[in-house]
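K.L.:
Attaching a predicted model along with its sequence, questions to come.
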Amino acid sequence: MLRRSGGLKSHFIGFFLTGFLMSLPVSASGASLGEQLVKDQCSTCHKFEGMSESRFNLKGPDLMWGGSKFKRPWLVDWLTGKEPNIYEKGYRWDIERKAQPHVVLSVDGANAVADYFEKQLMDSRVKKDAIDLSHFTELHAAFGRQIFIEHSCTGCHQIMDDGKKLGGPQSTTFFNSGKRLNKDWILRFNSMPPDFVPHSGEFVADVSELGLHYVTGFLATEGDDSFKFYKPWESEHFKNADSKRGRTIYKEYCMQCHGAKGEGDGPAASGLEPRPAIHAKMALDQFPLDYLYNVVYFGGKAVGKSPYMPYWGLTIGEQGVADVIAFMQEQFKGDASALEGSPAITQKSSGNCPEKRTTKKVSFKYNNKKNPLKPTTDNLKAGETLYQKSAKPMACKLCHGKKGDGKGPGGAGINPAPRNFTCTSTMKDISDGQMFGIIKEGSPGTAMPTFKNIKDVEIWQLIHYIRKFSQ
Ligand code: HEC
Ligand code: HEC
Ligand code: HEC
Ligand code: HEC
């Protein structure tokens, strides 16, 4: 009875509607045509009024709030057969074990239904602009994703993780939930799921207000390429940053750990392991703004570093963060004597080879991995771009140096030092799996950051490139 496309009946209706629509003003007729269609074609499976019910009494998801729930372009695509199923194992997984093709309408038919949804199926419980995502950053979305995973949401909903599906398929997939669902509807749903679907569970009930904002924003943006994440470091706050105000902030909030002169020797530093960063030795003027913003605003943990580095955003605000960064970048330009290319180093570049290496062994999950890629020109080139330029939160060369000698401007004065990739005697004993694990998860307690956003394939490309330095 269901057909994806080409069915005689749906063709006929599409044709019929097209002719009919042209002779009537769309605004007046759209809703009533839509209503007709919904009655004839949809109401055998979907409910459009009344109370929500258990799935086991239904043939398709309830649509009483369809006008508030869906983004129109997705709805039209879905109804014209252009979108993949949202229930991978079928809506009624108790009866059927696989997704069924859905009824398909003509474009005009789909638009008429969408008009009807917008006119008649708006849910007054869903407040317009109840959630403001104009200041939602990529890191916020990453927090939301983290909460989603930690609160078992992936037990029943699937998301994409580094190109692979993560989670179980009991309920809807969220691969492109940002294209399908309206943000305000998601917020209202998340606030009390049983208001919409009985037995859907209240797994967000113990998430904080802020957490709810993050997880909702994550779902509202996932897979939606048109969403523009907020970039604080491109905002007015940074254009108006004032290093004098920043100096005061540094004194009030940072000195107790980082020291009066940025030597990492403030009174509150004893007992902290890892130690507070020695700003005086770091070329902070070379560090990317987005990285500095994230570590100061959201704290060490948010960028894979120690939670001893607190989150300052809620205390000093965006302007305060911009100001203190302006101050640090003016004040801390690194340890000039240790800079790349300076005569002192060129002469003793063999000085730290073989290197003292105290790096922890990575977990067994990574340990035995072998590089699945060949060191082709393309792979080496891709590795080079990441290493020298594009890796986030920052390019590897910042610490490991342009030439791989561990003498990048951001690495000066760091203890333990960034690995010297040119040192064959040290590098030959470091396995592919070990490197993979360290790049994926960082080396806790050292300056080596976590690179969570780099895909597995890209890590392997990086490893091929890194090995070239010692060959
Ligand atoms: C034979 C039963 C059946 C008919 C008829 C039917 N649907 Fe569906 N519909 C379903 C099922 C089952 C799903 C879940 C699809 C999946 O697995 O992805 C669904 C999904 C949907 C969704 C997405 C729901 C969500 O929660 O994301 C919308 C919107 C929808 N249908 C609208 C319609 C409209 C409009 C019509 C009439 C033109 C219609 N359906 C006709 C069974 C039906
Ligand atoms: C035990 C299974 C289960 C878990 C765990 C779960 N959900 Fe659900 N979720 C459901 C069911 C069932 C529905 C109703 C839709 C349906 O009929 O499949 C639903 C629907 C949703 C919807 C509406 C999606 C849509 O397309 O209609 C959102 C949003 C949602 N859940 C978010 C979450 C979040 C966030 C978490 C974690 C805090 C979570 N869910 C955990 C079972 C679960
Ligand atoms: C309670 C102690 C403490 C305070 C107060 C503190 N920090 Fe930190 N900070 C740390 C520690 C510890 C680290 C090292 C984290 C690591 O290496 O994992 C750090 C690291 C940093 C880093 C370097 C991150 C990197 O990539 O190595 C910056 C920049 C920074 N802090 C800025 C600030 C600013 C600005 C303030 C004041 C607004 C501040 N810190 C206040 C403890 C503190
Ligand atoms: C902020 C400075 C910094 C940046 C940026 C950085 N590293 Fe590191 N890296 C370090 C430090 C410090 C170590 C030594 C860690 C240790 O000994 O535990 C290290 C160690 C390593 C190791 C050696 C692991 C081992 O077992 O010996 C590899 C491989 C590595 N980094 C790769 C990378 C790659 C690839 C990038 C860029 C995607 C990168 N690093 C960016 C500081 C950095």
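P.N.:
Here it is on my side, so go on. Ligands and ions are numbered 1, 2, ... in the order given.
K.L.:
for the residue lying closest to residue 375 once chain neighbours are set aside, what are its contacts?
P.N.:
In space, and not counting its chain neighbours, residue 375 is closest to residue 464: 4.4 Å by C-beta to C-beta, 6 or more residues apart in numbering. Any C-beta I mention is one placed from the backbone N, CA and C, and that applies to glycine too. Contacts for residue 464 (C-beta atoms under 8 Å, 6 or more residues apart in numbering) come out as 371, 373, 375, 379, 380, 383.
K.L.:
Out of those residues, who's the most crowded?
P.N.:
Within the contacts of residue 464, neighbour counts (other C-beta atoms under 10 Å) peak at residue 383, which reaches 25 neighbours.
K.L.:
Not counting sequence-adjacent ones, nearest residue to that residue?
P.N.:
Using C-beta to C-beta, 6+ apart, the nearest residue to residue 383 is residue 465, at 3.0 Å.
K.L.:
for the protein, what spans make up the strands?
P.N.:
159-161, 164-166 (DSSP state E).
K.L.:
how far away is residue 437 from residue 454?
P.N.:
To residue 454, residue 437 is 13 Å away according to C-beta to C-beta, to the nearest Å.
K.L.:
More neighbours: the two, which one.
P.N.:
Just comparing residue 437 and residue 454: by other C-beta under 10 Å the higher neighbour count belongs to residue 437, 22 against 18.
K.L.:
so who does the more buried one touch?
P.N.:
Listed by C-beta under 8 Å, 6+ apart, the contact set of residue 437 reads 362, 363, 365, 366, 367.
K.L.:
roughly how far apart are it and residue 430?
P.N.:
Applying C-beta to C-beta, the value for residue 437 to residue 430 is 11 Å.
K.L.:
which residues are there in this structure that come within reach of ligand 3?
P.N.:
The chain comes close to ligand 3 at residues 249, 253-254, 256-258, 268, 272, 274, 276-277, 292, 295-296, 300, 305-306, 308-310, 312, 324, 447, as judged by C-beta under 6 Å from any ligand atom.
K.L.:
my guess is residue 373 meets residue 459, correct?
P.N.:
No - under the criterion of C-beta atoms under 8 Å, residue 373 makes no contact with residue 459, lying 9.9 Å away.
K.L.:
so where's this protein uncertain?
P.N.:
Scanning the chain for pLDDT under 70 picks out 1-31, 335-351, 413.
K.L.:
Once you drop chain neighbours, what's closest to the residue nearest the centre of it?
P.N.:
Note on the chain: the residue nearest the mean C-alpha position is residue 142, at 3.9 Å, using C-alpha atoms, centre = their mean. Distances taken as C-beta to C-beta, 6+ apart place residue 452 nearest to residue 142, at 7.5 Å, with adjacent residues excluded.
K.L.:
Which members of the residues of the chain next to ligand 3 are positioned in helices?
P.N.:
Counting by DSSP state H, the part of these found in helices is 249, 256, 257, 258, 292, 295, 296, 324.
K.L.:
now these as JSON lines including neighbour count?
P.N.:
Below are those laid out as JSON lines (neighbours: other C-beta atoms under 10 Å):
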{"residue": "249", "neighbour count": "22"}
{"residue": "256", "neighbour count": "14"}
{"residue": "257", "neighbour count": "20"}
{"residue": "258", "neighbour count": "25"}
{"residue": "292", "neighbour count": "21"}
{"residue": "295", "neighbour count": "24"}
{"residue": "296", "neighbour count": "25"}
{"residue": "324", "neighbour count": "25"}
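K.L.:
Could you report the neighbour count for the residue lying closest to residue 204 once chain neighbours are set aside?
P.N.:
Using C-beta to C-beta, 6+ apart and skipping residues adjacent in sequence, the residue nearest residue 204 is residue 190, 4.9 Å away. Neighbour count for residue 190, taken as other C-beta under 10 Å: 20.
K.L.:
Tell me the spacing between residue 190 and ligand 4.
P.N.:
Noted for residue 190: a distance of 35 Å to ligand 4, by C-beta to the nearest ligand atom, to the nearest Å.
K.L.:
still on that earlier bit, separation between the residue nearest to residue 375 and residue 372?
P.N.:
For residue 464, the distance to residue 372 equals 11 Å [C-beta to C-beta].
K.L.:
repeat for residue 60
P.N.:
In terms of C-beta to C-beta, residue 60 sits 42 Å off from residue 372.
K.L.:
when you scan stretch 169-182, is anything in it near ligand 2?
P.N.:
Yes - for stretch 169-182 and ligand 2, the contact criterion (C-beta under 6 Å from any ligand atom) is met by 170, 171, 172.
K.L.:
out of the residues you listed, which is most surrounded?
P.N.:
Highest neighbour count within those: residue 171, with 23 neighbours (other C-beta under 10 Å).
K.L.:
one step back: could I get the contacts of residue 464 as a markdown table with distance to ligand 1?
P.N.:
Converted to a markdown table, the contacts of residue 464 look like this (distance: C-beta to the nearest ligand atom, whole Å):
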| residue | distance to ligand 1 |
| --- | --- |
| 371 | 39 |
| 373 | 36 |
| 375 | 43 |
| 379 | 38 |
| 380 | 43 |
| 383 | 40 |
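K.L.:
Show me which of those is closest to ligand 4.
P.N.:
Comparing those against ligand 4 with C-beta to the nearest ligand atom places residue 383 closest, at 8.4 Å.
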